[in-house]
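*Asks:* need a 3D model of the sequence below.
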Amino acid sequence: MLYQIEEPIYFYLFTIIPVIIVVFLLAFWWKKRTQKKFISTALLEKLAPNRSTFKSVLKLVFLVIGISFLVISLVNPKMGTKLKTVKREGVDVVFALDVSKSMLAEDIAPNRLEKAKQIITKIIDKLGSDRVGIIIYAGNSYPLLPITTDHAAAKMFLQNAGPDMVSSQGTAINEALNLAKTYYNNDEQTNRFLIIISDGEDHQEETKQVAQEMSKEGVKVYTIGVGTEKGAPIPIKVNGSLLGYKKDRKGETVITQRKPAVLEAVANAAGGRYIDGNKTKKPVDFIEELIANAQKNEFETKQFSDYKDQFQWFIGFGIVFLLIDVFFLDKKTKWVKKIDLFNEQ
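*Replies:* The predicted structure follows:
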């Protein structure tokens, strides 16, 4: 089953509940204080032996539950009752995002990593029914999101990507290439794209060979470079505060540079192309045109349909609890006296 929320704005009405509880506590405190001014506790017990704090609290609970159900009814949760198969046409696009610490360099505003995320996000916005997947890599590669048609989920996962998500630092593009091979699960999908976004500081010699293997398997590899060839230091930050810059073993500040030649070699080996990514529009427009002109293959995807309103159930339960609150007396009963939760005897 899958749920949809039709009017989430009404969740703000839940703020009524703490107000009711505060008013109840203030009224209870005022009542106790006023009673002490005019009568002793022992005499009050004799004059009103059936008064019950427990049942007053219980009435408040019924009231809160009743209001909660009514608020949920306004939100109108809907339930997907049927899983249907939808035919779509598109291509598979996998993004391999470099999250090594060199991507934190700020020679491109705000930094290389955020620029790369911006490029990927804008490309996803341009896609139609195409499927997307995301890989992150540094010294090793990790699947961030498998192939999916859920573009909103792709962008959400992308925003959380960072150097802390990988255990090994460095830049091993071949690791991303090898992992990407497992992403394309449809042998008949003739148009499969792998888009690598990096500063090109690759530390593996076999990367070109792996890229050639990808090309033989029908995967078109394109690379996008971010950063400047002049380079910049790698900032070390904690909670947004700059503590310094990364240094090598000799104590000298490390300067990381974009290596377009590496990215060009990878793209050429796989029959693709290298694109300068320092200006967001250039790679976004290029990839958009590339995918728009690609042959689209049909594939199937499953999704919930026939969502049905469920608000009537919550209205019913809400009214029931409010009626209980109205007709529920706040005087002691025999079974309550036996429980004596509030030491009322």
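
*Asks:* how about the helices of the stretch 151-300 of the chain, start to end?
*Replies:* 151-159, 173-180, 207-216, 260-269, 281-292 (DSSP state H, counting those that start in this stretch).

*Asks:* wouldn't Thr149 be in contact with Gly128 here?
*Replies:* No - using Cβ atoms under 8 Å, Thr149 makes no contact with Gly128, being 9.9 Å away. Any C-beta I mention is one placed from the backbone N, CA and C, and that applies to glycine too.

*Asks:* the two: which has the busier surroundings?
*Replies:* Using other Cβ atoms under 10 Å, the more surrounded residue of Thr149 and Gly128 is Thr149, with 18 against 13.

*Asks:* center of the protein - which residue?
*Replies:* Met156 (4.5 Å; Cα atoms, centre = their mean).

*Asks:* may I have the residues that are in contact with it?
*Replies:* Contact analysis of Met156 by Cβ atoms under 8 Å, 6 or more residues apart in numbering lists nothing.

*Asks:* how about 10 Å then?
*Replies:* Residues in contact with Met156 (Cβ atoms under 10 Å, 6 or more residues apart in numbering) are 145, 150.

*Asks:* ok, Thr253 next?
*Replies:* 233-234, 244-247.

*Asks:* which one (most neighbours) among those residues?
*Replies:* When neighbours are counted by other Cβ under 10 Å, Ile234 leads the contacts of Thr253 with 23 neighbours.

*Asks:* name the nearest residue to that residue, sequence neighbours excluded.
*Replies:* Lys246 (4.0 Å; Cβ to Cβ, 6 or more residues apart in numbering).

*Asks:* that neighbour contacts Thr256, doesn't it?
*Replies:* Yes - counting by Cβ atoms under 10 Å, Lys246 touches Thr256, with 8.5 Å between them.

*Asks:* shared neighbours of these two, anything?
*Replies:* In contact with both Lys246 and Thr256: 101-102, 104-105, 233-234, using Cβ under 10 Å, 6+ apart.

*Asks:* for the helix or strand hosting Val320, packing partners?
*Replies:* In the assignment (DSSP states H and E), Val320 maps to helix 311-327. If contacts are counted by 3 or more Cβ pairs under 10 Å, 6 or more residues apart in numbering; DSSP states H and E, helix 311-327 sits against helix 53-75, strand 77-90.

*Asks:* most tightly surrounded among these?
*Replies:* helix 53-75 (a mean of 18; mean count of other Cβ atoms under 10 Å).

*Asks:* so what does that one touch, helix or strand wise?
*Replies:* helix 16-38, helix 311-327, helix 334-339.

*Asks:* ok so, going back, figure out which of the helices of the stretch 151-300 of the chain is closest to Gly227.
*Replies:* helix 260-269 (9.3 Å; Cβ to Cβ).

*Asks:* give the buried residues for the closest one.
*Replies:* Residues 260, 262-269 are the ones in helix 260-269 that count as buried (16 or more other Cβ atoms under 10 Å).

*Asks:* pLDDT and distance to Ala96 for those residues - can I get that in JSON lines?
*Replies:* Putting those into JSON lines (pLDDT from 0 to 100; distance: Cβ to Cβ, whole Å) gives the following:
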{"residue": "Pro260", "pLDDT": "93", "distance to Ala96": "17"}
{"residue": "Val262", "pLDDT": "90", "distance to Ala96": "14"}
{"residue": "Leu263", "pLDDT": "93", "distance to Ala96": "12"}
{"residue": "Glu264", "pLDDT": "93", "distance to Ala96": "16"}
{"residue": "Ala265", "pLDDT": "91", "distance to Ala96": "16"}
{"residue": "Val266", "pLDDT": "92", "distance to Ala96": "10"}
{"residue": "Ala267", "pLDDT": "93", "distance to Ala96": "12"}
{"residue": "Asn268", "pLDDT": "92", "distance to Ala96": "17"}
{"residue": "Ala269", "pLDDT": "91", "distance to Ala96": "15"}
